[in-house]
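# kindly return the folded structure for what I paste below:
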Amino acid sequence: MNVDAIPAELRALPQWVCWRYKLRDGKKTKEPCQVNGKHASSTNRDTWTDFDTAYRAASIFDGIGFVFTPDDPYTGVDLDSCVKDGVISPEAQARINGLDSYSEFSVRGEGVHILVRAEQRHSSKRKSKVEAYNRGRFFAMTGNHIPGTPETIECRQVELDALLLEVFGPNGAEEKAPSLPARPVDLSDADLIDRAMRVKKTGAEFTTMWNGQIPAGKSHSEADYALCRHLAYWTAKDPQRIDRLFRQSRLMRAKWGRGDYRDRTIRRAIAACKDVYTPREPEPLPEPPPETFGAEAADGPLPEAEPEAEPSRRLLTLADILSGDCPEVKWLVERKIPEQSICMVAGDSGVGKSWIITHIGLCVAAELPVFGRFPTRRANVLICDSEQGENLVRRRIRRLFTGLALHHSIPSDLPFIVHFGAFKLDKPEHVQTTADWLRRREIGLLLADPLIDCYPPNTDENSSTSIAIYFERVRQVVAQTGCSIVFCHHARKLSAVGGNTAGERLRGSTAIKAVLDSFFFVRKLKGGVLLVEHDKCRVAEALPSFLLEITDPDESSTVLRYAGAAEESTDQTAIAAAFVTRTLSDAGGSLLRKELLSMAEGEGLKARTVDRALKEAVDGGGLAKAQDGTAVRYTLSVEVGEDDE
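Got it, this is the predicted structure:
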């Protein structure tokens, strides 16, 4: 007996007996026994024991067994006489595959036992060498696990129902499937998801899973099933639409590409769905307001949509991973903005975020390296700017274009469009009108400045549910158009947060960062130098932090230039030294080291760089270092003249 192979959840229950062979009517049967040798009953708990006790006594019996009760969630399926010379019959193998749960060979090795988490809804009479029971019987356990089957007991209600219906017929079934609504749910996918997110009772749970977050205590597979149950309700149990919608969720993964897993999960969700959504009679949808971007009428026929391809997803073994090449990441801006992504540049007000994203847009339109460093792929660019007036936006674009023209020969008719307004998706139907507008103009990069103006009216930016609704519409636009969208976003004031990391400084709900594929945070250092932190990248390793210089070579041009990796920069110590002098002066000439380091973090300076600057200043006589209790205090030195002595 392979004890370790028996599922731990069974071993933890006090539902064990020993058993021995006994002749009954000339046939060898298994008689349940107590450890003292007396007869045990599969319906009397007083005659059972725990696993360890039964196992220790097993040597004087022929084996041990697990007793099924109405109080536990298990059903056992016994496939008799289906193994010959160690080979499982095709019919039995199909049933093993269908239940896809813990399976082991029987004591004699001629049959198979399968355990599932499911309620038995048919009688346990024997038929076609198949028997199933979930109470009043016991399984003689061997731990002789069948390779290729799960090592755990899985939830398989739908699969068990299907098997027993096939074997025993419909007479044993206790429940009928709920009737479907009188008419199908005639709503767009975007509208349906929007409604699911807004429902007061279940909207938060749906939104959490739709955005790829697995609820506490659940496995990924359980989250898949739970989301499909929601979708079964909203789609009137339409399996094709459940599949289509699930693929749009952030729970989507390679395992969903397995037809057996996908179909089984959808079947279980449909079977568990006792009610379905029945929409009210549809009302005419109002036209989007004129100021809403993307609401214009079509200015020409749309190209015929290409058929949607089945995602190329598969399971990978360790050997596949070690021997195969990783999929190539496609970049719009190398190592910064992936194709078909949602990205963000955030930072304090006045740090230069709008200049940065405008520079990125011009470089992509002209296929020039961003900051003179990061290669781009040419694409049509749209900027939606609702923060500044037309004159200021024109001036910014002209100065940056002229700055690029100082070093490159670029035409003035770049595929670069400006929309003086926010990137609005106030209603679900705006997703389609906006996607159509972008497709007609073949926009590959959309820059939205600022994010706060893009939200629908009455959006609570600190509510994960409200944020998820907007960004789900954004994700649908990205999926339909293939473009990348970069938002410009403000940071919280340092005094309003408990920390100074990029994530802590990001204004609004933490759900914002969760939906991003790439996220940059910009800090302003001394002398016009910016520190750019690549805080998150979903498809590749994030870039090391780097320095960025914004300079004005003349009165009509502005240039953004990569100034080296922050860790390698030779002027970081000088920047830190200037920071120390300025900060100490502002504080009256004296601060504790921990106070300096806390303030330095707000300037994007690393502790080791500040410590290096402090040491050089002390060695050079510019600072005095003294012990202040258990802390270290630094004080600006004062030069003493003859008249002061």
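
# CA atoms only: put the host helix or strand of Glu549 into PDB for me.
If you go by DSSP states H and E, Glu549 is part of strand 546-554. The C-alpha coordinates for strand 546-554 follow below in PDB (Å, rounded to 0.1, in the frame of the first residue of the first chain):
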ATOM      1  CA  PHE A 546      17.500  56.000 -15.800                       C
ATOM      2  CA  LEU A 547      18.100  59.700 -15.900                       C
ATOM      3  CA  LEU A 548      16.400  62.000 -18.400                       C
ATOM      4  CA  GLU A 549      17.500  65.500 -19.300                       C
ATOM      5  CA  ILE A 550      15.100  68.100 -20.700                       C
ATOM      6  CA  THR A 551      17.000  71.100 -22.200                       C
ATOM      7  CA  ASP A 552      16.200  74.000 -24.400                       C
ATOM      8  CA  PRO A 553      19.000  74.400 -27.000                       C
ATOM      9  CA  ASP A 554      17.400  77.600 -28.300                       C
END
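
# that strand pairs with which strands?
When pairing is defined by DSSP bridges, strand 546-554 lines up against strand 529-537 (antiparallel), strand 557-565 (antiparallel).

# got a list of contacts for that strand?
352, 355-356, 371, 399, 403, 406, 522, 525, 528-532, 558-566, 569 (CB atoms under 8 Å, 6 or more residues apart in numbering). Using the backbone N, CA and C atoms, a C-beta is placed for each residue, glycine as well.

# mind doing that once more with 7 Å?
352, 355, 371, 406, 528-532, 558-566, 569 (CB atoms under 7 Å, 6 or more residues apart in numbering).

# the helices in the stretch 1-150 of the chain, which residues?
Taking DSSP state H, counting those that start in this stretch as the criterion, the stretch 1-150 of the chain carries its helices at 8-11, 51-57, 90-99.

# let's have the ones you listed in a markdown table, adding mean neighbour count, mean pLDDT and distance to Pro70.
Output for those, formatted as a markdown table (neighbours: other CB atoms under 10 Å; pLDDT from 0 to 100; distance: least, CB to CB, whole Å):
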| stretch | mean neighbour count | mean pLDDT | distance to Pro70 |
| --- | --- | --- | --- |
| helix 8-11 | 15 | 92 | 16 |
| helix 51-57 | 18 | 92 | 20 |
| helix 90-99 | 17 | 90 | 21 |
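
# wait, which of those is closest to Val486?
Evaluated with CB to CB, the helices of the stretch 1-150 of the chain place helix 90-99 nearest to Val486, the distance being 46.5 Å.

# quick one: residues contacting the residue nearest to Arg373 when sequence neighbours are not counted.
Computed as CB to CB, 6 or more residues apart in numbering, the closest residue to Arg373 that is not its neighbour in sequence is Tyr562, at 3.8 Å. Contact analysis of Tyr562 by CB under 7 Å, 6+ apart lists Phe371, Gly372, Arg373, Phe546, Leu548.

# next one: Asp194
For Asp194, the contact set (CB under 7 Å, 6+ apart) comprises Pro428, Ile469.

# let me know the secondary structure of it.
Recorded secondary structure, Asp194: helix (DSSP: H, G, I helix; E, B strand; the rest coil).

# state the distance from it to Thr47.
Applying CB to CB, to the nearest Å, the value for Asp194 to Thr47 is 58 Å.

# Asp100 too?
Counting by CB to CB, the separation of Asp100 from Thr47 is 33 Å.

# what of Val632?
The gap separating Val632 from Thr47 is 73 Å, by CB to CB.

# Ala617: which element?
According to DSSP H and E, Ala617 maps onto helix 607-619.

# mind giving me the packing neighbours of that helix?
Contacts defined by 3 or more CB pairs under 7 Å, 6 or more residues apart in numbering; DSSP states H and E place helix 607-619 against helix 572-586, helix 593-602, strand 623-628.

# now with 6 Å?
Helix 607-619 sits against helix 572-586, helix 593-602, with contacts defined as 3 or more CB pairs under 6 Å, 6 or more residues apart in numbering; DSSP states H and E.

# those strands in the stretch 401-550 of the chain, which residues are they?
Assignment of strands within the stretch 401-550 of the chain using DSSP state E, counting those that start in this stretch yields the ranges 416-419, 443-449, 484-490, 518-524, 529-537, 546-554.

# any idea how far the shortest one is from the chain center?
Remark: strand 416-419 is offset 32 Å from the chain centroid, using CA atoms, centre = their mean, to the nearest Å.
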